[in-house]
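Undergrad: Quick one, what's the 3D model for this:
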Amino acid sequence: MKKYKKSTWLTTLLFIYVTAMAIYFLPRNTQTGDLEKYLTVAASYLILALLWYVLRRKERLAAEREKDIEENSKKNKN
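TA: Down below sits the predicted model:
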């Protein structure tokens, strides 16, 4: 089984959740204006994009750190 990166599966699940909530609740909400509804959904997608970026960066830095530790341990053995 292929292991997916946390940045991929977490943001995908949240994207599906936000989209489903928007599809379900936006037509039923008569308290707020259309502009506010769409700005809220757009802000949610922007937050998801930022989350994806931060998690990808964190994964890349962890991989680099792991690589450096591995290289240093090889140097110390020699």
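Undergrad: Please identify which helix or strand holds Val41.
TA: Element membership for Val41, per DSSP states H and E: helix 34-77.
Undergrad: same check, this time on Ile16
TA: Using DSSP H and E, the element containing Ile16 is helix 6-25.
Undergrad: List the contacts of the most centrally placed residue in the chain.
TA: In the chain, the residue lying closest to the centroid (Cα atoms, centre = their mean) is Trp52, at 3.0 Å. Going by Cβ atoms under 8 Å, 6 or more residues apart in numbering, Trp52 touches 7, 11. Yep, even glycine has a C-beta here, placed from its N, CA and C like the rest.
Undergrad: Go again with 10 Å.
TA: The contact partners of Trp52, by Cβ atoms under 10 Å, 6 or more residues apart in numbering, come to 7-8, 10-12, 14-15.
Undergrad: was I right about Leu10 contacting Glu59?
TA: No: using Cβ atoms under 10 Å, Leu10 is not in contact with Glu59; the gap is 11.2 Å.
Undergrad: can you list the weak-confidence ranges in this structure?
TA: 1, 78 (pLDDT under 70).
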